[in-house]
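> What would the 3D arrangement of this be:
(4 chains)
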Protein chains: 4
Amino acid sequence: MAEKIRDIAHVSAVELLTPVLDDTVRFFTDQMAMEVVERRGDSAYLHAWDDYERFTVKITGGNTSGIGRTWLRARSPQALDRRVREIEAAGLGEGWSKDEPGYGPVYHFTDPDGHRFGLYYETQRYVASDATRPSLKNQAARFPGRGSNVRRLDHVNFLAKDVPSDFVPTVLTGRASEQIVLDNGTTAAIWFTFSDKSYDLVYTRDWTGTRGRLHHVAFATDTREDILRAADVFLEAGVHIETGPHKHAIQQTFFLYVWEPGGNRIELCNAGARLLLAPDHEVVTWTEAERAKGQAWGLQTIESFHTHGTPPV
Amino acid sequence: MAEKIRDIAHVSAVELLTPVLDDTVRFFTDQMAMEVVERRGDSAYLHAWDDYERFTVKITGGNTSGIGRTWLRARSPQALDRRVREIEAAGLGEGWSKDEPGYGPVYHFTDPDGHRFGLYYETQRYVASDATRPSLKNQAARFPGRGSNVRRLDHVNFLAKDVPSDFVPTVLTGRASEQIVLDNGTTAAIWFTFSDKSYDLVYTRDWTGTRGRLHHVAFATDTREDILRAADVFLEAGVHIETGPHKHAIQQTFFLYVWEPGGNRIELCNAGARLLLAPDHEVVTWTEAERAKGQAWGLQTIESFHTHGTPPV
Amino acid sequence: MAEKIRDIAHVSAVELLTPVLDDTVRFFTDQMAMEVVERRGDSAYLHAWDDYERFTVKITGGNTSGIGRTWLRARSPQALDRRVREIEAAGLGEGWSKDEPGYGPVYHFTDPDGHRFGLYYETQRYVASDATRPSLKNQAARFPGRGSNVRRLDHVNFLAKDVPSDFVPTVLTGRASEQIVLDNGTTAAIWFTFSDKSYDLVYTRDWTGTRGRLHHVAFATDTREDILRAADVFLEAGVHIETGPHKHAIQQTFFLYVWEPGGNRIELCNAGARLLLAPDHEVVTWTEAERAKGQAWGLQTIESFHTHGTPPV
Amino acid sequence: MAEKIRDIAHVSAVELLTPVLDDTVRFFTDQMAMEVVERRGDSAYLHAWDDYERFTVKITGGNTSGIGRTWLRARSPQALDRRVREIEAAGLGEGWSKDEPGYGPVYHFTDPDGHRFGLYYETQRYVASDATRPSLKNQAARFPGRGSNVRRLDHVNFLAKDVPSDFVPTVLTGRASEQIVLDNGTTAAIWFTFSDKSYDLVYTRDWTGTRGRLHHVAFATDTREDILRAADVFLEAGVHIETGPHKHAIQQTFFLYVWEPGGNRIELCNAGARLLLAPDHEVVTWTEAERAKGQAWGLQTIESFHTHGTPPV
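The predicted structure is shown next:
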């Protein structure tokens, strides 16, 4: 059996599109406790306090909401080369770019559904200023003590006209960890991991049949209590809380979903000490009947979870 | 630059030696919420509730305390072959064994300090009984709701006459994440990782100059609150609480140290959402002066932390 | 203005009726971490670990579910005398009883809706056995480290044909803290306190027009995390989780509702550091429109919350 | 037996003296999440988010640190009258004042050790501004989502040349809940409560034999996690963390002690669901031997706890 390799180290950053740039930036600084590290044209780059790289989220103002580019860091220069060859072989490559402020050469491509990606190896470390220098040198920036205090980007959940079951494993060396398979045999959602986390990239079937949309972007907190506190923070800030806090049955993540002012769904998540350490993990398949039971503690999945994606269609 | 590989998936189990077998087993079942899955001669095998493999801890009764074998799971059959070749090349190999109940062929070896290891790829999945079958099929066993509810093995911290800085990276493909370097240039302790966790295997210099001893074995809880609750559990059970709960400066782990009845130091630890995702992480070095500041929130390191190891000498 | 007095120290215990005595007792021992301290005929008496009195819950087997007697401890012998006089003046007295194992003379009465009460001053302290003796002498019994670890009884929520707004303040010296007043001017629910907690006794209008029924009995945990953990415990034990964990808008209590095997609704609740310290607190009134917003973080009130009471009708 | 009454509703506010007014105010706004509601001369008045009254802490700049006045709210006008008579009878009265911005007439007095008090009934409610108006109308001000997020004042711990065992019960109708009695029979510390909390006012013997000093002022958080988070906040802000987080054996409070920039010791505390509901509680007495065991989970009491009080002597 061919040896499986892991060429992607982690999902490193995402670009969110918003029709209300200032409001979205304020959401990420005030409620999500991030720091604006750079502004360029209609974009602001923000850093979550324990991200070792220069930025975690790029916010770009425009006509509508949705997700722009998702950046992946390759595990090595060699891994980057291998993946670029596979992407090109799959006919999904778009070529090299040097546009972003935090990265070396970035290879641009799309997944089969049209979501845009950037893959790179060379990166700039976040460098703390006097105002953000941490007391303990083994963390990137000062603990903010503000809002939800999210530590880092956790995962991205795309909507896709057709859930691409093969693309991530074959082209990107991801592994499927859990999935929903409908009674008619089609895959409704699939969770992929590049790391020892149990998921990094999720595809959910888009009920509208549209391509390239976003279900949500998720950020990790250190504790479930951080998420309970964040719920109060969002309540006071007038941020729309869609559902939660509760615990997912799938992946068992403790979650809270809100909509940032631009309309994009944002998740706060905590996995506890749960990791997927088995190198030969077999995908866990959930049936329609199992999904009908709701979340782990019985919460029924909220209707808007199946009707709200960005950009709206 | 040669591409770095990661051939070890994770530290999978440890064997603890104890002069009071029944008491130590009771500690692991009652306070550590594990299940006895097998008994063989003077040994009991115990399973932590979210370990996908058959056992997490092997307890062996005998004359004294200390650590027996530490098991590592290779990431693939090919990875296993590569590591065995390197171990043999280093002159540390002991040959293959099929003695353990949960594993396929295990390659036995020692580190340069004499700690015993077993490396394998083939393994048995934990199979739940009616009494331990979980409600959610994506976890190994039922959540115990008992004692400290530790989820899984987290790391092993050895004492060593000489801290082996090269062995783990070179022979086992581990990466150093943090270390203590004394003013005289010697390494007092070094933290290695095989995974995306920030450490899996730690070596601390043995002040007695003895080889092969144990500082502690650590188990992960989902939350810091689990550790606070565990402190009450240990207090009521008469288990010796050595230090904590508090937060380490190095690695920033929230910790609690107790001594199980056989004398071995056991840590409960929680890392929050902290992971070491950078594939090119540079080791963080702590100086004597920095260490003198104590733990993250100022707790001075307790004296017994530098005088108690097992077996006693 | 006449000086307000507080003659009731606290709600001390409740009697729950169940058609499945053994199952209900097992729920209270295994999931609710209580200890059976006495059995008499068809009744079992159970003690929550930090209750200074002999019992917290009396479980009585029979044909159906519901609430039996609710016990209140008077603040002093003089307070007991005053309240008995007022109860008798209100025509609700039933006379003195010495039937219960933990109390001195108990005065039996009902509220206007027919819920049965016992009021007393003399009581027996809980006396720990070797098995339940705590390490710290300022708590009643050993911390169980089991299931939901509820610390003490928190409050009782009755269903009533007509919400008795005057009875509790006038006859029992309780104070209303919050209430729901419908658009037609009727009171749909009212929260009363005897203590510095913000509520001890709640009346909700019974949609069936029946008298004397129970909405739920609530027990306090030390932390919200205890409640999150309890949700896992209930899930694994097959206990029906009705709704939660979430945070109430009214009273802001963090809650989880389950149905014990006999059908009675049980709440686990945590108020954080919230107390009602103002001696001249003005009742907070919630309108229908405000209630329609759901719970604090937006959870819609579950339908069964308005249709399930015990005994069933 | 004469009926015990409770004429004091709660400890409502404290005045802290500081040689560095601006720094101390910044500590209370940034790390303690309070709001400056008024400035008068060298004083700033600050409000904790769930205090129903206008201010929680008065900070007064001057030459040194220490505690100014401690305010107590009487339970009723009649209770105020009764207490003033008793204070005058004890020869400790100083007369009426109308100086403070939030109160009606305040009766000034001292305890036998010279600590200054103010007792009143009439008070102003905190009125939220647009910036501080909460989403839920049953809380005083918006949840800050900043720093330690303390909810309210919890207790004051005085140092006293002689611990006044009789003054609080006799003159102020407090009840002793726990105490330390040395082997020579003298009381080293005593915890008093006016409410259902297990303590509101504490006296510890001053090792220097000085009168009128402060050991610490404590503020309550909703969870223990809030306190763990606060430790990170204090660490990053350069606030001196003296000891903790840990759990006291006496009163079992989860604690963290820091020194605000002016030198006064500030405690963050959480009692979980622990209340002292028994109206006939018998004081728990701790011996020297019991105290020597350290805190609940074994932490030894830090030396400065016995040497640092304010003002310094």
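> Only alpha carbons, please: show the helix or strand containing residue A:44 as PDB.
Element membership of residue A:44 [criterion: DSSP states H and E] is strand A:43-47. What follows is strand A:43-47, C-alpha atoms only, in PDB (Å, rounded to 0.1, in the frame of the first residue of the first chain):
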ATOM      1  CA  SER A  43      -8.600  45.200   2.700                       C
ATOM      2  CA  ALA A  44      -7.600  45.000   6.400                       C
ATOM      3  CA  TYR A  45      -5.400  42.200   7.700                       C
ATOM      4  CA  LEU A  46      -6.100  41.000  11.200                       C
ATOM      5  CA  HIS A  47      -4.100  38.800  13.600                       C
END
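> measure the nearest residue to residue A:224 once chain neighbours are set aside to residue C:43 for me?
Excluding the flanking residues, the one nearest residue A:224 by C-beta to C-beta, 6 or more residues apart in numbering or on different chains is residue A:254, at 4.7 Å. All C-beta atoms are positioned from the backbone trio N, CA, C, and that covers glycine. Going from residue A:254 to residue C:43 by C-beta to C-beta, to the nearest Å gives 39 Å.
> So which residues on the stretch 151-300 of chain A come close to chain D?
A:223, A:225-226, A:229, A:232-233, A:235-236, A:238 (C-beta under 8 Å from any C-beta of the partner chain).
> One more pass at 6 Å, please.
For the stretch 151-300 of chain A, the contact set with chain D under C-beta under 6 Å from any C-beta of the partner chain comprises A:223, A:225, A:232-233, A:235-236.
> Dump these to JSON lines, plus neighbour count.
Output for those, formatted as JSON lines (neighbours: other C-beta atoms under 10 Å in any protein chain shown):
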{"residue": "A:223", "neighbour count": "25"}
{"residue": "A:225", "neighbour count": "26"}
{"residue": "A:232", "neighbour count": "24"}
{"residue": "A:233", "neighbour count": "25"}
{"residue": "A:235", "neighbour count": "22"}
{"residue": "A:236", "neighbour count": "22"}
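> where do the strands sit along the stretch 151-300 of chain A?
Under the criterion DSSP state E, counting those that start in this stretch, the stretch 151-300 of chain A contains strands at A:152-160, A:175-181, A:187-193, A:201-205, A:214-220, A:240-247, A:254-259, A:265-270, A:284-286.
> Serialize those strands to JSON lines and add fields for distance to residue A:12 and mean pLDDT.
JSON lines is the format used below for the strands of the stretch 151-300 of chain A (distance: least, C-beta to C-beta, whole Å; pLDDT from 0 to 100):
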{"stretch": "strand A:152-160", "distance to residue A:12": "7", "mean pLDDT": "98"}
{"stretch": "strand A:175-181", "distance to residue A:12": "18", "mean pLDDT": "98"}
{"stretch": "strand A:187-193", "distance to residue A:12": "15", "mean pLDDT": "97"}
{"stretch": "strand A:201-205", "distance to residue A:12": "12", "mean pLDDT": "98"}
{"stretch": "strand A:214-220", "distance to residue A:12": "13", "mean pLDDT": "98"}
{"stretch": "strand A:240-247", "distance to residue A:12": "25", "mean pLDDT": "97"}
{"stretch": "strand A:254-259", "distance to residue A:12": "22", "mean pLDDT": "98"}
{"stretch": "strand A:265-270", "distance to residue A:12": "17", "mean pLDDT": "98"}
{"stretch": "strand A:284-286", "distance to residue A:12": "26", "mean pLDDT": "98"}
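> any chance of those in JSON lines, with distance to residue B:184 and mean neighbour count too?
Output for the strands of the stretch 151-300 of chain A, formatted as JSON lines (distance: least, C-beta to C-beta, whole Å; neighbours: other C-beta atoms under 10 Å in any protein chain shown):
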{"stretch": "strand A:152-160", "distance to residue B:184": "37", "mean neighbour count": "24"}
{"stretch": "strand A:175-181", "distance to residue B:184": "45", "mean neighbour count": "21"}
{"stretch": "strand A:187-193", "distance to residue B:184": "43", "mean neighbour count": "23"}
{"stretch": "strand A:201-205", "distance to residue B:184": "47", "mean neighbour count": "23"}
{"stretch": "strand A:214-220", "distance to residue B:184": "40", "mean neighbour count": "25"}
{"stretch": "strand A:240-247", "distance to residue B:184": "50", "mean neighbour count": "22"}
{"stretch": "strand A:254-259", "distance to residue B:184": "46", "mean neighbour count": "24"}
{"stretch": "strand A:265-270", "distance to residue B:184": "42", "mean neighbour count": "25"}
{"stretch": "strand A:284-286", "distance to residue B:184": "52", "mean neighbour count": "17"}
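> what sits opposite the residue nearest to the spatial centre of chain A in the beta ladder?
Relative to the mean C-alpha position of chain A, the nearest C-alpha, by C-alpha atoms, centre = their mean, is the one of residue A:156, at 2.4 Å. Applying DSSP bridges to residue A:156 yields these beta-bridge partners: residue A:201, residue A:217.
> pretty sure it is touching residue A:217, no?
Yes: using C-beta atoms under 6 Å, residue A:156 is in contact with residue A:217, at 5.4 Å.
> Give me the common contacts of these two.
residue A:14 (C-beta atoms under 6 Å, 6 or more residues apart in numbering or on different chains).
> Which residues does the strand holding residue A:44 contact?
Against strand A:43-47 from outside (C-beta under 6 Å, 6+ apart): A:25, A:28, A:34-38, A:55-60, A:126.
> In contact with the closest residue to chain D within the stretch 51-200 of chain A, which residues are there?
Of all residues in the stretch 51-200 of chain A, residue A:145 sits closest to chain D, at 4.0 Å by C-beta to the nearest C-beta. By C-beta under 6 Å, 6+ apart, the residues touching residue A:145 are D:147, D:233.
> at 7 Å what do you get?
D:146-147, D:232-233, D:236 (C-beta atoms under 7 Å, 6 or more residues apart in numbering or on different chains).
> Tell me how far it lies from residue D:146.
Distance from residue A:145 to residue D:146, by C-beta to C-beta: 7 Å.
> buried set for the least confident helix or strand in chain A by mean pLDDT?
Among the helices and strands of chain A, helix A:288-291 carries the lowest confidence by mean pLDDT, DSSP states H and E, at a mean of 94. Under the neighbour-count criterion of 16 or more other C-beta atoms under 10 Å in any protein chain shown, helix A:288-291 has residue A:291 buried.
> Quick one: name the residues of chain A near chain C.
A:224-225, A:228, A:231, A:235, A:241, A:296-298 (C-beta under 7 Å from any C-beta of the partner chain).
> 10 Å instead?
A:223-225, A:228-232, A:234-235, A:240-247, A:249, A:252, A:254, A:256, A:258, A:294, A:296-300, A:302 (C-beta under 10 Å from any C-beta of the partner chain).
> and the end-to-end length of stretch A:194-209?
27 Å (C-alpha to C-alpha, to the nearest Å).
> How far does that stretch sit from its chain's centre?
Centroid separation between stretch A:194-209 and its chain, computed with C-alpha atoms, centre = their mean, to the nearest Å, is 9 Å.
> likewise stretch A:23-31?
The answer for stretch A:23-31 is 17 Å, by C-alpha atoms, centre = their mean.
> Quick one: mean pLDDT over it.
The pLDDT scores in stretch A:23-31 average 98.
> First-to-last residue distance for that stretch?
11 Å.
> is any part of that stretch close to chain B?
No: Stretch A:23-31 stays clear of chain B (C-beta under 10 Å from any C-beta), getting no nearer than 17.4 Å.
> Over to stretch A:293-300?
Yes: interface with chain B: stretch A:293-300 contributes A:293, A:296 (C-beta under 10 Å from any C-beta).
> For the residue nearest to residue A:183 when sequence neighbours are not counted, give its distance to chain C.
The shortest distance from residue A:183 to any non-neighbouring residue, by C-beta to C-beta, 6+ apart, is to residue A:288 (5.2 Å). Separation of residue A:288 from chain C (C-beta to the nearest C-beta, to the nearest Å) stands at 20 Å.
> and if you look at residue A:313?
Residue A:313 is 25 Å from chain C, by C-beta to the nearest C-beta.
> Now do the SS call for that residue.
coil (DSSP: H, G, I helix; E, B strand; the rest coil).
> And for residue A:305?
Residue A:305 ends up helix, using three-state DSSP.
> per-residue confidence at it?
Taking residue A:305 on its own, its pLDDT is 91.
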